[in-house]
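K.L.:
3D model of this:
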Amino acid sequence: MSGGYFRKVGSARPSHLMFTAGVGALIDLPNFSVLVKGLDSWSHTGLADYVIDEPRLRAAVNRSLQLYGENQITELRSAPWLEGSDNDPKGLAAQGIGVPVSPFPQWMRCTACNELAAIDTEAFTFVNNNPRTPHEAKFVHDCRAKGKKPLAVAARFTLVCTAGHLDEFPYTPFVHHGAPCTHAPRPRLRMKDHGGNQAANVTLECLACGTQRNIRDAMGERGRQNLPACRGRHPHLGTFEREGCDQEATLMVAGASNQWFPITLSALALPPGTTERVAELVEERWPELKMITSTAVYDVLAATPAYGYLKDYDPAEIIGAVEARQRVLDRAGAAPEQPAAAVAADLLGPEWAVFAAPQLPAPTDDFALAPVPVTSPLGGLFSDLRQVERLREARALTGFTRLDAPDPESPEIATPVRLTRAAQHWVPASEVRGEGIFLRVREDLMANWEERMRKSAAMDAHREAYKRFRRNRKSDRITSDFDEMYGWPGERYLALHTLSHLLIRTIALECGYNSASLAERIYAGDTDDPRTGILIYTAVPDSEGTLGGLVSLAEDPHFERIVRRALSDASHCSSDPLCAERLPQHPADFLHGAACHVCLFVSETTCERGNRFLDRRFLVPLGDDLGDSVDQVLTPMELRP
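P.N.:
So this is what the prediction gives:
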């Protein structure tokens, strides 16, 4: 919908509204661009089945919002949509069902006469006569007495800042160097684009006084001096910050890839169990249950009428859930600038417990596991191999950032932006169904390898690179103590992550799967709770990979062939010896070693860490002085190429 017209101007998949262009993002339409409005403007009135039921994810969203000082939510909601709406677009418009958007930027340029004016002037008219063709929605300029009215397009310049604010470019003050026009209070402007391949070459001209200025004067470091201070505007909420904004405004072209980055969480739907129910109870009633740290306290509280519900739960499980919850809060409190790692780790813990349990859970409509015998020689590397015949992944959008992406390793560099003006009680969510393969590397093999690698020169180089990465990205806004190694995933994560990428690439090459339709979840844990799991699964909303094609690869002899080919491919790369010799050394701060687009990198939607923490030398010998020792690599001898 656009402004007050309530006309359909386009469509998008639920996943697109989560990861590509959600609340606060700009979406390019054929003839103009729109901004997705805040949740205050969304309406689910008259709709059914829009709530996505996933208690673990809802609890994780609340933990994340709590750490940022936001209110707690009670629901995860899908985007408002009405079945059959495409068959009755007029009915849809009348009911106002859909994701609300407004035109942005709201300065338009006529493609015929180059007049530049705001959308709220009388210069432009919105046209969308056929509701069945939303792609024809457009603005036109009435500058011709006869003939077809020319198209008006969005003036593509905006202002953004690292605090997440977005604003219109101040064309009139900019042309007049901050002073008002001497000939008219609201002068007409003209924008001429001269083209060029170096940078923007656009001249702005005031038609009243004739003053001209090129947009290049607003670009770069020197250009920021010619821009006004950030006004603290959030156009998706229709608000300005009360205290203003102390960040510098930066010129940005509308549609730039760094104008919006989502902050998301995801969780797999697991079979119901007592442990999950107790954890959810403690999450919801934390203020009144946090004092239960012993059986004596439990007995006293359970004897009172207000706490009578405790009798339905085992005291040991309640105490254990309270202690686990307190550990998460303590960990986040020790490093308040980085809460994302604790929240993500807590989501992976229950999943690992289900995947690695000796006894498989009973299958449900959302989750089903089947064991696969681990034959020799795969038994030298894996202790468990399981087919995930069915799974459901729920995803939630909790906020977004601008200019800088939210980084699990350095989240302090970006300021999260709220999705609503008032206290929110729900966040947008989506869900996908698919299948996968779960692998568990032998714990004894991993533990021995990890102990050796802690003292290796190669791992030391990765740790030092991580410190440089953290220092180089440290935000000046941080006033608390800064831990250079906070968020370091650990030695075993590098091995598991590298193995996961090798298998994903081999599955895509040998079996026809598009690698972008696959995703990974690495269960590496930490020193207190070490894990050795990898889940490779389909994570797309369409039908690819949901008919058993992926789980069938776990069967004998397919999987042994895939593992052998993956390790064989890891031993050489078309970019060798440059790739094989790569190791981060001062002053470089990249977070990968022997890895590149030829051998290990996958699409950004597939990798959970943005193609970081990868190194082939930790799996197979590469012939260098750091990784050719048989004692240093993880792969057992019988599986080496």
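
K.L.:
Please work out the average pLDDT along stretch 233-244.
P.N.:
The average pLDDT within stretch 233-244 is 89.

K.L.:
can you give me the offset of that stretch from its chain's centre?
P.N.:
Distance, stretch centre to chain centre, for stretch 233-244: 24 Å (CA atoms, centre = their mean, to the nearest Å).

K.L.:
Show me which residues of that stretch are buried.
P.N.:
Buried positions in stretch 233-244, judged by neighbour count with 16 or more other CB atoms under 10 Å: 233-237. For the C-beta atoms, the positions are set from N, CA and C on the backbone; glycine is no exception.

K.L.:
Now these in TSV, please, with extra columns for secondary structure and distance to Tyr307.
P.N.:
Below are the buried residues of stretch 233-244 laid out as TSV (DSSP: H, G, I helix; E, B strand; the rest coil; distance: CB to CB, whole Å):
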residue	secondary structure	distance to Tyr307
Arg233	strand	48
His234	strand	43
Pro235	coil	47
His236	coil	43
Leu237	coil	40
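
K.L.:
nearest to His501, of those residues?
P.N.:
Distance to His501, by CB to CB, is smallest for His236 among the buried residues of stretch 233-244, at 35.9 Å.

K.L.:
what's the nearest residue to that closest one if we skip its chain neighbours?
P.N.:
Leaving aside its chain neighbours, His236 sits nearest to Gly24 (4.2 Å; criterion: CB to CB, 6 or more residues apart in numbering).

K.L.:
so the one you found makes contact with Pro416?
P.N.:
No. Counting by CB atoms under 8 Å, Gly24 does not reach Pro416; the two are 10.9 Å apart.

K.L.:
who has more neighbours, the two?
P.N.:
Gly24 (26 against 18; other CB atoms under 10 Å).

K.L.:
Let me see the contact set for that one.
P.N.:
Going by CB atoms under 8 Å, 6 or more residues apart in numbering, Gly24 touches 35-36, 38, 164, 166, 234, 236, 260, 400, 417, 419.

K.L.:
coming back round to it: okay, and the common contacts of Gly24 and Pro416?
P.N.:
Shared contacts of Gly24 and Pro416 (CB under 8 Å, 6+ apart): 164, 400.

K.L.:
Hmm, Cys134 is touching Ala12, no?
P.N.:
Heads up, residue 134 is Pro, not Cys. No. Contact criterion CB under 8 Å: Pro134 and Ala12 do not qualify, at 11.5 Å.

K.L.:
can you give me the helices in the stretch 51-200 of the chain?
P.N.:
Remark: helices assigned in the stretch 51-200 of the chain by DSSP state H, counting those that start in this stretch are 55-67, 89-95, 171-175.

K.L.:
Go ahead and name everything in contact with the last one.
P.N.:
So that's helix 171-175. 107, 116, 155, 179, 181, 186-187, 189, 191, 204-206, 211-213, 217-218, 226-228.

K.L.:
Dump that helix to PDB, restricted to CA.
P.N.:
Output of helix 171-175 as PDB, limited to C-alpha atoms (Å, rounded to 0.1, in the frame of the first residue of the first chain):
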ATOM      1  CA  TYR A 171      18.100  19.800  -1.700                       C
ATOM      2  CA  THR A 172      17.000  23.500  -1.200                       C
ATOM      3  CA  PRO A 173      19.400  24.300   1.600                       C
ATOM      4  CA  PHE A 174      22.200  22.500  -0.100                       C
ATOM      5  CA  VAL A 175      21.800  24.400  -3.400                       C
END
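
K.L.:
Now do it, average pLDDT.
P.N.:
Averaged across helix 171-175, pLDDT comes to 90.

K.L.:
same deal with stretch 202-213?
P.N.:
Mean predicted confidence for stretch 202-213 is 89.

K.L.:
now what about that stretch, what contacts it?
P.N.:
The contact list for stretch 202-213, computed with CB under 8 Å, 6+ apart, reads 116, 157, 171-172, 174-177, 181-184, 187-194, 214-215.

K.L.:
Separate out the buried members of those.
P.N.:
Neighbour-count burial (16+ other CB under 10 Å) applied to the contacts of stretch 202-213 gives 116, 157, 171-172, 174-176, 181, 187-191, 215.
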